[in-house]
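Peer 1: here are the coordinates; sequence isn't available:
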DNA sequence: CCTACATCCTCTAGCGACTAGAGGTGCAAG
DNA sequence: CTTGCACCTCTAGTCGCTAGAGGATGTAGG
């Protein structure tokens, strides 16, 4: 089988070249074999792993969580309770974030709507920032 | 008037002590006067400024944006168009974030719901991560 | 075979917005 | 006077990359 260069691996996985090297450095990806000229040479399994990592990162999983998920993936006989727990924790986090962003959106909308486009001393944007008590939702 | 120590300023503003010093270092907060023993001594106006900064940070404004907002606040005769633009940009950003988090939530829910709590090789959490094509929303 | 050029290599430093720690000084109460 | 907390400066670490320097390798055309 033909050797996959790091550039090719990058194209196939969607992970940037320096990021692949970075992942190797932090131990997310095991070091591949090298060509005669010391260039990294990947195999299809490495590409799958990179796709897995990229996807998990896109879903907002932290590198440490991904490390655990990769260990689980490598040992299919294990119970998936850990994977389930990680995903659930992430879901709770995402829900929390959505809630606070929604509150924030309401507040920003009020700020923007209240701005009379006049001078700063009549501007609600500045005013609301200066005085937390004026927040639509002051519980943050 | 009595002098406000950095600890007291922290308590009143809700900004941590090292963060106050950090803000001074990056020029968000001007250096306060010092006591005989070289300790920072704040005035009520500084507390307001810190509250302003904290609130803006909680709303997700970047330090650079806050710098601009503080300049505007200091000069109430200016047009508030800049403040308005900054807030609007932030609103668009927040809306974008909410949208992607919602898509993410759907996907995580599917992952968690599909987990049969059995072994890893039947676990949808791992499976979905490994194969992007199985995403509920594959457009990320 | 030579040259040009893309791609690869390692290494270090930088980003944003803090946070942690070392090692030392100031100050107020008992 | 001593205890002990709060303050001081400075450096380095966090996270997940990204950028750049300076050099080696691989490949395609002439």
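Peer 2: Looks like it came in fine. Quantities reported herein were computed from a predicted structural model and do not represent experimental measurements.
Peer 1: measure the most centrally placed residue in chain A to chain B for me?
Peer 2: Geometric centre of chain A, nearest residue: residue A:60, 3.2 Å, by CA atoms, centre = their mean. Noted for residue A:60: a distance of 7 Å to chain B, by CB to the nearest CB, to the nearest Å. Bear in mind the C-beta positions are built from the backbone N, C-alpha and C, glycine included.
Peer 1: Name the SS class of the residue in chain A that DNA strand C sits nearest to, please.
Peer 2: Relative to DNA strand C, the nearest point of chain A is residue A:7 (2.3 Å; CB to the nearest atom of the strand). Look at residue A:7: counting by DSSP: H, G, I helix; E, B strand; the rest coil, its state is helix.
Peer 1: contacting residues around it?
Peer 2: residue A:17 (CB atoms under 8 Å, 6 or more residues apart in numbering or on different chains).
Peer 1: among the helices and strands of chain A, which has the poorest mean pLDDT?
Peer 2: helix A:124-130 (a mean of 83; mean pLDDT, DSSP states H and E).
Peer 1: coming back round to it: for the residue nearest to the centre of chain A, give me the pLDDT.
Peer 2: Residue A:60 carries a pLDDT value of 84.
Peer 1: One more: residue A:2?
Peer 2: Looking at residue A:2, its pLDDT stands at 69.
Peer 1: What of residue A:137?
Peer 2: 54.
Peer 1: repeat for residue A:93
Peer 2: Listed pLDDT for residue A:93 reads 86.
Peer 1: And for it, nearest residue in space, chain neighbours not counted?
Peer 2: residue A:60 (7.6 Å; CB to CB, 6 or more residues apart in numbering or on different chains).
Peer 1: and that neighbour, helix, strand or coil?
Peer 2: Assigned with three-state DSSP, residue A:60 falls in the coil class.
Peer 1: before we move on, back to that, and for the least confident helix or strand of chain A, what's in contact with it?
Peer 2: Applying CB under 8 Å, 6+ apart, the external contacts of helix A:124-130 come out as A:107, A:110-112, A:114-116, A:120, A:134-135, B:48, B:51-52, B:55-56, B:59, B:69, B:72-73, B:80, B:83-84, B:86-87.
Peer 1: Now restrict those to buried residues only.
Peer 2: A:107, A:110-112, A:114-115, A:120, A:135, B:51-52, B:55-56, B:59, B:69, B:72-73, B:80, B:83-84, B:86-87 (16 or more other CB atoms under 10 Å in any protein chain shown).
Peer 1: buried set for the helix or strand harbouring residue A:85?
Peer 2: According to DSSP states H and E, residue A:85 maps onto helix A:81-114. Neighbour-count burial for helix A:81-114 flags A:82-84, A:86-88, A:90-91, A:94, A:97-98, A:101, A:103-105, A:107-112, A:114 (criterion: 16+ other CB under 10 Å).
Peer 1: per-residue confidence at the residue of chain A closest to DNA strand C?
Peer 2: At residue A:7, pLDDT is 97.
Peer 1: Show me where chain A dips below the pLDDT cut-off.
Peer 2: Scanning chain A for pLDDT under 70 picks out A:1-2, A:132-140.
Peer 1: same thing but at 50, please
Peer 2: Chain A contains residues with pLDDT under 50 at A:139-140.
Peer 1: Spell out which parts of it neighbour DNA strand C.
Peer 2: A:5-8, A:10, A:17-18, A:21, A:38-40 (CB under 7 Å from any atom of the strand).
Peer 1: Going by distance to DNA strand D, which of those wins?
Peer 2: The closest of the residues of chain A next to DNA strand C to DNA strand D turns out to be residue A:18 (CB to the nearest atom of the strand; 4.3 Å).
Peer 1: Against residue B:106, how distant is the closest one?
Peer 2: 32 Å (CB to CB, to the nearest Å).
Peer 1: and if you look at residue A:23?
Peer 2: Counting by CB to CB, the gap between residue A:23 and residue B:106 amounts to 27 Å.
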